[in-house]
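K.L.:
I'd like to go over a predicted model; first the sequence, then the structure.
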Amino acid sequence: MKPRQQRMLAVGLAVVGVAVAAGLTLRAFEENMMFFVEISDVIAGEYPSERNFRIGGLVVADSIQREEGSLDLRFSVTDTRCELDVSYTGVLPDLFREGQGVVAHGRMADNDLFIADKILAKHDENYMAPEVAESLGKHVQDQTASLGGRSSECETG
Amino acid sequence: MEALAMGGYGAYVWSCFGLAFIVTVVIEWRGRVRHNEIYRDIEVRIKALEERE
Amino acid sequence: MWKFFHQMASPPYFYRLAATLIPWFAIPGLILIAYGAYAGLFLVSMDYQQGDAFRIIYVHVPSAYLSMMAYMMMAVGGGIGLIWRLKLAHAVGAAAAPLGAAFTFLALVTGSIWGRPMWGTWWEWGDPRLTSELILLFLYFGYMALRSSIDDTAKADKASAVLALVGVVNVVIVHFSVEWWSSLHQGQTVFKKGTMDADMRIPLFAMLIGFSFVFGAMLLRRLRTEVLFRERRTRWVRELVLSPEGGK
């Protein structure tokens, strides 16, 4: 190959590479957006019934029920308007606890139970010592204490 | 010892700090090796030219 | 002022100046990192949510910061090189790319190691922050591959500068990804008020400044290599090599 052709090939490859990368990113983000459903929408019956999707919200206080001697788990998540029951079997992230933000991947079993095959925990951008958090009354479990129960704004489908 | 265990997260925390150290040292070391190689090549070429003159 | 810049851009002057500057970057940088790492690992309290795992922030955030800074230097250097035809500006890109790639790699791996216990996953495909940072790594690889595939330095400079400038859009995406899309990754901490106790924040700033200084020293050393190689056929290099004290 002549040096000039080599150069053209290199420049061409770089341009193609950037284009492919940009395309992949946008596609990935789109998928990320498309298959994320708000809990209020799930409760209203607006969710893809034939495929997996993701939901996100806070774990409701006092809603975690564990099956003795197994990894089976039931809990509720809330988007502060509606609540949805979730069942999951498997290992949980260390941050999973009442009041924590979680993302669950799975599908609806019937109209009121979400069967998750993956649970991820989210945390915010705030960092502080446990004592400081305590004195601020920021104990995680308190965050959703007031959020229990479906609020009147939640519309079922 | 307790401080090193990091409340059970020792493996995660220490591997991050260790890796950061190793990667920086390796990349700096490779940079120096390359500098010395280039310098030596130039030196050899210039000294050979000098002798011919 | 202009005379100063002109001198700076003169290769023999820069080659000598960089050698004297390196310790002024390296030593304060290493001191700050030593303090920041020690404080971050042992002095600072653990986090109320994440416990001791949060200490990974002290290497993850500086690495991620440099991964973007190095790219911006590469792109700005390329831009200045294209517009004002400053050779030294192009050399900045060539010198910064491997360093940027190394810090991008570190940001990705330390983030992955941090994500495993906290989020519950090593990697999440399609997550905006994670994906755009991975593309940043590929951009560095592409930049270096493009450079090494073109033998003519002047042409390699131009082609890679264009690639670097096009890729800036990805750095913008990395930065704003956590605001524009829903990401598993949390939002900005460092330059936002009230997100972190002062005694946790001070070592983080020490690490950020320390990493930047050490990066500066590493960049200056690589720039000397670039200048030496690019000027290998000039008289000043010849005189330098033949001088009794040498010029490594």
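P.N.:
Great, that's in hand.

K.L.:
dump the residue contacts of B:R32.
P.N.:
C:R221 (C-beta atoms under 8 Å, 6 or more residues apart in numbering or on different chains). Glycine gets a C-beta too; all of them are placed from N, C-alpha and C.

K.L.:
swap the cut-off to 10 Å and go again
P.N.:
C:R221, C:R222, C:T225, C:K248 (C-beta atoms under 10 Å, 6 or more residues apart in numbering or on different chains).

K.L.:
what separates the last one from C:L228, distance-wise?
P.N.:
With the distance defined as C-beta to C-beta, to the nearest Å, C:K248 ends up 9 Å from C:L228.

K.L.:
neighbour count winner among the two?
P.N.:
C:L228 (20 against 14; other C-beta atoms under 10 Å in any protein chain shown).

K.L.:
what about the residue in chain A positioned nearest to chain B, how many residues close to it?
P.N.:
Going by C-beta to the nearest C-beta, chain B is nearest to A:D94 of chain A, at 8.5 Å. Per other C-beta under 10 Å, the neighbour tally for A:D94 reads 18.

K.L.:
shared neighbours of C:K248 and C:L228, anything?
P.N.:
Joint contacts of C:K248 and C:L228 (C-beta under 10 Å, 6+ apart) are B:H35, B:Y39, C:L240, C:V241.

K.L.:
Can you tell me the centre-most residue of chain A?
P.N.:
The centre of chain A sits closest to A:V103, judged by C-alpha atoms, centre = their mean, with a distance of 1.7 Å.

K.L.:
Am I right that that one is in a strand?
P.N.:
Yes - per DSSP: H, G, I helix; E, B strand; the rest coil, A:V103 lies within a strand segment.

K.L.:
shouldn't it be in contact with A:L58?
P.N.:
No - assessed by C-beta atoms under 10 Å, A:V103 is found out of contact with A:L58, at 11.2 Å.

K.L.:
Quick check: neighbours shared by the two?
P.N.:
A:V77, A:K122.

K.L.:
distance between the lengthiest helix in chain B and the chain's centre?
P.N.:
Longest helix in chain B by number of residues, with DSSP state H as the criterion: helix B:10-52. Centroid displacement of helix B:10-52 relative to its chain, using C-alpha atoms, centre = their mean, to the nearest Å, is 5 Å.

K.L.:
What average pLDDT does the helix or strand harbouring A:L24 get?
P.N.:
Using DSSP states H and E, A:L24 falls within helix A:3-34. For helix A:3-34, the mean pLDDT works out to 72.

K.L.:
likewise stretch A:90-104?
P.N.:
Per-residue pLDDT over stretch A:90-104 has a mean of 89.

K.L.:
Does that stretch reach chain C?
P.N.:
Yes - counting by C-beta under 10 Å from any C-beta of the partner chain, contacts between stretch A:90-104 and chain C involve A:G90, A:V91, A:L92, A:P93, A:D94, A:L95, A:F96, A:R97, A:Q100, A:G101, A:V102, A:V103.

K.L.:
which non-adjacent residue is nearest the second one?
P.N.:
Okay, so that is A:V91. Nearest in space to A:V91, with sequence neighbours left out and distances taken as C-beta to C-beta, 6 or more residues apart in numbering or on different chains, is A:L71 at 7.0 Å.

K.L.:
can you check A:F36 too?
P.N.:
A:R54 (4.9 Å).

K.L.:
just C:L223 next, same as before
P.N.:
C:A95 (4.6 Å).

K.L.:
Tell me the buried residues in whichever helix or strand the residue nearest to A:F36 is part of?
P.N.:
Here A:R54 sits within strand A:53-59, counting by DSSP H and E. For strand A:53-59, a neighbour-count test (16 or more other C-beta atoms under 10 Å in any protein chain shown) marks A:F53, A:R54, A:I55, A:G56, A:G57, A:L58, A:V59 as buried.
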